[in-house]
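A.B. asks: predicted coordinates and the sequence they were generated for:
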Amino acid sequence: MILLAFVLYTTAGFSQKLKGSDTVLPLAQKEAESYMKSNKANKVVVTGGGSGVGLAALVDGTTDIAMASRKIKMAEKMKLQDAGKASKETIIAYDALAVIVSPSNTVSQLTREQLEGIFTGKIKNWKEVGGADLQIVVYSRESSSGTYEFFKEHVLGNKNYSASVLSMPATGAIVQSVSQTKGAIGYVGLAYIEKNVKAIKVSYDKGKTFTAPSMESAKNKSYPVIRPLYYYYLTSIEKTVKPFIDFCLSPAGQKIVEEVGYVPLK
Amino acid sequence: MNFKRNVLLTAVSAALALTSTTLKAQENPENPLDTLARSIQNLADDLSKIKRLKITGYIQPQWQYIDSAGAPSVAGGDFANGTGKYYSRFTMRRGRFKFTYEYKNAELVINTDATEKGLFMRETYAKITDGKWHMFSLTAGLLQDQFGFEVTQSSSVRETPERARYNQALFSTERDLGIFGSIVFPKTSALGGLKVDLAMMNGSAGVTPEFDSHKDFTGRIQYAKTTTSEKVTFAAGVSYYQGGYRTGTVKDYTFKNLANGDNGYAFADDTANYNRVAKRIYMGADAQLSVDWKIGITTIRAEYIQGEQPGIAANSLSPKAAPSAALYHRNFNGAYFYLVQNIGLSKFQLVAKYDWYDPNVNISGKEIGKAGTNTKNVGEIRFDTYGFGINYRLHPNIKLTAYYDYVINEKTLVPGYTEDIKDNVVTVRMQYKF
């Protein structure tokens, strides 16, 4: 066990650690794998846990880069300052949030106001938005998730989710639940859309135009529910982490962004 | 991939070495990967048990200088007088070691203070949080007073060395024995950001057993909100304290307009006073605002308190034991204001603070100490304190502080306080927090 501990310690000593958002995780893992192929001396270890976990790890010094699907909070900034640390923010990609329903659902488009009504509990039946007489089952991420907060701020107009919303621990669980429940609705990142769920078109101009979530519509910014994905790192170790971040921002890194299903910066 | 392979091979070797004795005794050796999985599971179980216990704390060694030997001070206690007069001192202001054992929705906390004065128990309590909504909690034992903002804020995160003078007088240990219930409304609810605290305490500062059966009530409502830009956060709260002391004396001084026209204490030596509850009523309001902008995070805090406080002739401190000396009933007020400015993203932080404590708002200046008014003590005198300092966060664990307290007292007729006394203090402190 001592040997195991020694190997873990010495190997980890040469690693860059990334921790945080489960949304950013698949992208960061792919970026890290590709980066390590061309930079064999550098190790990059990526773990999830949520945006809050990553930013807390940045404060207590257990990660070099915090991955986040939301901006750093005021309280987290104050904790960093109290620890004598300063952080820098880099946007590495964008993520389009898609609203998904069961493929058997006849509803294929909703306005922002209707989405707000559904997720806040004012609209309870699909027939109220032109669908079948079927109760709506709403799935959401847990409140610690950056995706949860983004959806609340940008789609629900910062109104609170309904108390009857079913909280799921991961995006994959939402996809699975929505695919298996006839009256279900949920939200996931573009990269998570599968054939067993239907992504609906969304309108942010009170029903004048509806846009489907796709790489194309996200890139040309016609799809309205889009958010940046961040890396946060300490200014004191900028030199150490910069090569990896530069790789993520390079054409090769941005190509991986698109391959994984996220939206490149340009 | 090499890293993963190295770790896996080493872990398998280590697990096999550990279980070799068992393997020899078995006819069908276990699959090495199953052995590894079992060993890792055992380690994870053990780690999970160890993680239930958390040890945290901080120490605050400091050097201080006061501008007259032996002057009274609230910057960590009076400077000694008499033959051992001194202007400066090294002290261990606080030495906190906190043990928290947390399992599921219950926790046990033991918080000690180890300094040159000895080892003291600061807190010992059990807390239960409801497992369904995670919004209700109940705490019982020796625990923190729940009035206002500054009293409930840890000394390790406060930007100034000490709490405001009025908080030190009214809540001398900031602790008490009793029970405390809290409701924190989830951010997903319509009342998100709202917190309600209700406590029932002995009212004996937690350092002595209960000396009367009269319990003190504290209620606090706080609302906190951060803007969606994560650039501005603000909070506001109101607090109420209703308690008192069962008096162990027949002697009672009540403040009024005396027959000769002066404001002063009317003395009553009446057996009816014995066992009467002397009222202790505080009302307070507080607000905090932090803004993240170009020059760094700026924080402004303010708190105001007023009420009625029973004390003795010499001072208006909350009694820690059954009062046997004559009681003086005073109407008081006090307040503090903080301005904290972080210098950009640097490790430096500037702080300015002003606080006042007027233990008796019905008398002031040269009225205090006047013959026949029974106001011949420091317990009636208002103090205003202006503080300026700088903090340097050297390290996540270490904070260095240099701070100056400029203290002004009312000029009165009380001997020793006819002029502003020399009691300004310089404090240089190092804090190690873990």
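C.D. replies: Arrived safely, thanks for sending. Numbers count the residues shown, from 1 in each chain, chains lettered A, B, ... in the order given.
A.B. asks: tally of neighbours for residue B:178?
C.D. replies: Here the count is done by other C-beta atoms under 10 Å in any protein chain shown, and residue B:178 has 25 residues near it. Heads up, the C-betas are built off the backbone N, CA and C, glycines and all.
A.B. asks: likewise residue B:269?
C.D. replies: Neighbours around residue B:269, by other C-beta under 10 Å: 10.
A.B. asks: ok, it touching residue B:253?
C.D. replies: No - contact criterion C-beta atoms under 8 Å: residue B:269 and residue B:253 do not qualify, at 10.2 Å.
A.B. asks: now chain A against chain B: closest residue?
C.D. replies: Of all residues in chain A, residue A:84 sits closest to chain B, at 3.1 Å by C-beta to the nearest C-beta.
A.B. asks: what sits closest to residue B:258 if chain neighbours are left out?
C.D. replies: Distance criterion C-beta to C-beta, 6 or more residues apart in numbering or on different chains; nearest residue to residue B:258, sequence neighbours excluded, is residue B:264 at 4.9 Å.
A.B. asks: cool, residue B:213 as well?
C.D. replies: In space, residue B:213 is closest to residue B:246, 7.6 Å off (C-beta to C-beta, 6+ apart).
A.B. asks: related to what we said a few turns ago, looks to me like the residue nearest to residue B:258 is in a strand.
C.D. replies: Yes - with DSSP: H, G, I helix; E, B strand; the rest coil as the criterion, residue B:264 is part of a strand.
A.B. asks: wouldn't it be in contact with residue B:362 here?
C.D. replies: No - checked against C-beta under 8 Å, the pair residue B:264 and residue B:362 is beyond contact range at 9.2 Å.
A.B. asks: who has more neighbours out of these two?
C.D. replies: Shown here are residue B:264 and residue B:362; by other C-beta under 10 Å, residue B:264 has more neighbours (24 against 17).
A.B. asks: who touches the more buried one in this structure?
C.D. replies: Neighbouring residues of residue B:264 by C-beta atoms under 8 Å, 6 or more residues apart in numbering or on different chains: B:255-256, B:258, B:363, B:370, B:372-375.
A.B. asks: name the surrounding residues that touch the longest helix seen in chain A.
C.D. replies: The single longest helix within chain A, with elements called by DSSP state H, is helix A:25-38. By C-beta under 8 Å, 6+ apart, the surrounding residues in contact with helix A:25-38 are A:18, A:42-48, A:67, A:92-93, A:191, A:229, A:244, A:247-248, A:252-253, A:256-257, A:259-260, A:262.
A.B. asks: now with 7 Å?
C.D. replies: Under the criterion C-beta atoms under 7 Å, 6 or more residues apart in numbering or on different chains, residues A:18, A:42-44, A:46, A:48, A:67, A:93, A:191, A:244, A:247-248, A:252-253, A:256-257, A:260, A:262 lie in contact with helix A:25-38.
A.B. asks: same check, this time on stretch A:66-82
C.D. replies: Against stretch A:66-82 from outside (C-beta under 7 Å, 6+ apart): A:18-21, A:23-25, A:28, A:51, A:54-55, A:57-59, A:86-87, A:89, A:95, A:146-147, A:149-150, A:227, A:229-232, B:157, B:226, B:230-231, B:233, B:290, B:292, B:297, B:342, B:393.
A.B. asks: still on that earlier bit, give the bridge partners for the residue nearest to residue B:213, please.
C.D. replies: residue B:277 (DSSP bridges).
A.B. asks: next one: the one 5 residues further on
C.D. replies: Beta-bridge partners for residue B:251, by DSSP bridges, are residue B:269.
A.B. asks: residue A:149 sits in which helix or strand?
C.D. replies: helix A:146-154 (DSSP states H and E).
A.B. asks: quick one: average pLDDT of that helix?
C.D. replies: Across helix A:146-154, pLDDT averages out at 87.
A.B. asks: list the buried residues of it.
C.D. replies: Neighbour-count burial for helix A:146-154, with 16 or more other C-beta atoms under 10 Å in any protein chain shown as criterion, is recorded at A:146-152, A:154.
A.B. asks: what's it packed up against?
C.D. replies: Contact partners of helix A:146-154 among helices and strands, from 3 or more C-beta pairs under 7 Å, 6 or more residues apart in numbering or on different chains; DSSP states H and E: strand A:87-101, strand A:137-141.
A.B. asks: ok and that helix relative to strand A:87-101, angle-wise?
C.D. replies: 80 degrees (axes from the mean of the first three to the mean of the last three C-alpha atoms, to 10 degrees).
A.B. asks: after helix A:146-154, next one along is what?
C.D. replies: Counting by DSSP H and E, the next helix or strand C-terminal to helix A:146-154 is strand A:166-168.
A.B. asks: so what strands line up beside that next one?
C.D. replies: Here, using DSSP bridges, strand A:166-168 pairs with strand A:137-141 (parallel).
A.B. asks: now the partner strand: mean pLDDT?
C.D. replies: 94.
A.B. asks: so which of the helices and strands packed on helix A:146-154 comes closest to residue B:428?
C.D. replies: Evaluated with C-beta to C-beta, the helices and strands packed on helix A:146-154 place strand A:87-101 nearest to residue B:428, the distance being 29.3 Å.
A.B. asks: and that closest one, what's buried?
C.D. replies: In strand A:87-101, residues buried by neighbour count (16+ other C-beta under 10 Å) are A:87, A:90, A:92-101.
A.B. asks: thinking again about what came up before, who does the spatially closest residue to the residue of chain A closest to chain B that is not a sequence neighbour form a beta bridge with?
C.D. replies: Once flanking residues are discounted, residue A:84 sits nearest to residue B:393: 3.1 Å by C-beta to C-beta, 6+ apart. Taking DSSP bridges as the rule, residue B:393 bridges to residue B:399.
A.B. asks: dump the residue contacts of residue B:393.
C.D. replies: Neighbours of residue B:393 in contact, by C-beta under 7 Å, 6+ apart: A:82-84, B:347, B:399.
A.B. asks: could you tell me which residues of the stretch 101-250 of chain B lie near chain A?
C.D. replies: B:157, B:187-190, B:192, B:226, B:228, B:230-231, B:233 (C-beta under 7 Å from any C-beta of the partner chain).
A.B. asks: number of residues surrounding residue A:216?
C.D. replies: 11.
A.B. asks: next one: it from residue B:300, what distance?
C.D. replies: The gap separating residue A:216 from residue B:300 is 48 Å, by C-beta to C-beta, to the nearest Å.
A.B. asks: with residue B:92 instead?
C.D. replies: Residue B:92 is 31 Å from residue B:300, by C-beta to C-beta.
A.B. asks: contact residues of the stretch 251-400 of chain B facing chain A?
C.D. replies: Looking at chain A, the residues of the stretch 251-400 of chain B close enough under C-beta under 7 Å from any C-beta are B:290, B:292, B:297, B:342, B:345, B:347, B:393-396.
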